[in-house]
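Asker: Any chance you can model this:
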Amino acid sequence: MSDSSGLYVVVLAGGISHERDVSLRSGRRVADALAEAGHRVVLLDPDAGLLPFLAKERPDVVFPALHGSSGEDGSLLDLLNALGVPTVGSTGAAARRAWSKPVASSLASHAGLAVPRSIVLSNEAFRELGASSVLRVVRESLEGDLVVKPGSGGSAQGVTIVDEPNELPRAMVEAFTYDDVAVVEHRVHGTEIAVAVVDTGDGPRALTPVEIEPRTGVYGFQARYNAGETTFYAPSRLSDAVSSSVADAAVHAHRTLGLRDLSRVDFIVDAEGTPWFLEANVIPGLTETSLVPLAIEASGTDAATIYSGLVQAAAARAAV
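Answerer: Residues are numbered from 1 along each chain as shown. The predicted structure is shown next:
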């Protein structure tokens, strides 16, 4: 594939977050796809020289593939905007809304999406109010199985499924390892679905929903990035009506959070066909085992076409 209107694109990957290795894999695949589409591509691992480099080089577009806080907490995106560098992806403000799982869930709920009941706890409150007292209230308020996760972050790091009361204290410690805020959430049982939302200039559209079936039953870090640990169905095995409902919910979440260009919205679909919003990712994984590339392929297109469309949309947006 070639593109006569090739752009000078800097792809950012790596960083210093817990998701560095995943980001490097994503960045290489994005760079390869953009090169295939005819763009001039430089792949960079951001460090103290990044901002001076961008200020001097003035690339046509920057494509961040930085997972975790390195790219998704909004800091870098604000700086790129301040530099006036056209960038694929959401604004810093939108990224912060999605990065904070409690904020994203509150906004999604207010917008009418189904969101699991939860209690949000800071590490400070957990310690000051007494762990045993806090956990007693949590157990009395949220019956059944629970999910404990950090208030921010991705790749399921620090996430624990709790199906026995004595597992809750350890789960809290694990979540607080990754963030000063933990979310204790009622576990909705059902089918795990991820929906990629893409906007190359004509408005956001959902790609084919992807169904996730982990071999162990839990879609954790190992299941996400090790081949053979998870079976993916693209398209999902949902009925056409439910699949359409999930796709609509993903676009609604994308719009509600003010996201731009590319996102991945995760749901659990219960036995009644209701999609329950879990989280939205502004820089989703783009590795060989990631969900967005699977959705792209199942939708009848290819990564080079989608990623090229995204950089061209970012360049056109900056030219207005």
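Asker: which SS class is Arg264?
Answerer: The three-state assignment at Arg264 reads strand, by DSSP: H, G, I helix; E, B strand; the rest coil.
Asker: Could you tell me the model confidence score at it?
Answerer: What the model reports as pLDDT for Arg264 is 97.
Asker: Beta-bridge partners for it, please?
Answerer: Beta-bridge pairing for Arg264 (DSSP bridges): Ala196, Asn281.
Asker: can you pull the contacts of it?
Answerer: Going by C-beta atoms under 8 Å, 6 or more residues apart in numbering, Arg264 touches Ala194, Val195, Ala196, Val197, Ala280, Asn281, Pro284, Gly285, Leu291, Val292. Placement of C-beta: from N, CA and C, glycine included.
Asker: One more: Ala13?
Answerer: The contact partners of Ala13, by C-beta under 8 Å, 6+ apart, come to Ser23, Leu24, Ser26, Gly27, Arg28, Val30, Ala31, Leu43, Leu44, Asp45, Ala65, Leu66.
Asker: same deal with Leu107?
Answerer: When contacts are counted by C-beta under 8 Å, 6+ apart, Leu107 touches Arg97, Thr256, Leu257.
Asker: With neighbour count as extra columns, can I get the contacts of Arg264 in JSON lines?
Answerer: As requested, those are exported to JSON lines (neighbours: other C-beta atoms under 10 Å):
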{"residue": "Ala194", "neighbour count": "28"}
{"residue": "Val195", "neighbour count": "29"}
{"residue": "Ala196", "neighbour count": "29"}
{"residue": "Val197", "neighbour count": "26"}
{"residue": "Ala280", "neighbour count": "28"}
{"residue": "Asn281", "neighbour count": "24"}
{"residue": "Pro284", "neighbour count": "25"}
{"residue": "Gly285", "neighbour count": "25"}
{"residue": "Leu291", "neighbour count": "28"}
{"residue": "Val292", "neighbour count": "25"}
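Asker: got a list of contacts for stretch 168-187?
Answerer: Residues from elsewhere that reach stretch 168-187 (C-beta under 8 Å, 6+ apart): 18, 101-102, 105, 116-124, 126, 131, 135, 138-139, 142-153, 157-163.
Asker: quick one, strands of the stretch 51-200 of the chain?
Answerer: Taking DSSP state E, counting those that start in this stretch as the criterion, the stretch 51-200 of the chain carries its strands at 61-64, 118-122, 146-150, 160-162, 181-186, 191-198.
Asker: okay, the ones you listed in TSV with distance to Asn81 and mean pLDDT next?
Answerer: Shown next, in TSV, are these (distance: least, C-beta to C-beta, whole Å; pLDDT from 0 to 100):
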stretch	distance to Asn81	mean pLDDT
strand 61-64	10	98
strand 118-122	29	97
strand 146-150	26	95
strand 160-162	36	93
strand 181-186	26	96
strand 191-198	21	97
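Asker: Select, out of those, the one closest to Val320.
Answerer: Proximity to Val320 (C-beta to C-beta) singles out strand 61-64 among those, at 14.3 Å.
Asker: circling back: just among the contacts of Leu107, which is most surrounded?
Answerer: Leu257 (24 neighbours; other C-beta atoms under 10 Å).
Asker: That one is in contact with Phe277, isn't it?
Answerer: No: counting by C-beta atoms under 8 Å, Leu257 does not reach Phe277; the two are 10.3 Å apart.
Asker: Which neighbours do these two have in common?
Answerer: Residues touching both Leu257 and Phe277 (C-beta under 8 Å, 6+ apart) are Ala108.
Asker: Now restrict the contacts of stretch 168-187 to buried residues only.
Answerer: Neighbour-count burial (16 or more other C-beta atoms under 10 Å) is assigned, among the contacts of stretch 168-187, to 18, 101, 105, 116, 118-121, 123, 126, 135, 138, 142, 146-153, 157-162.
Asker: Could you report the separation of the closest residue in space to Ala125 that isn't next to it in sequence from Ala182?
Answerer: Spatially, and ignoring its direct neighbours in sequence, Ala125 is nearest to Val134 (7.4 Å; C-beta to C-beta, 6 or more residues apart in numbering). Distance of Val134 to Ala182, given as C-beta to C-beta, to the nearest Å: 10 Å.
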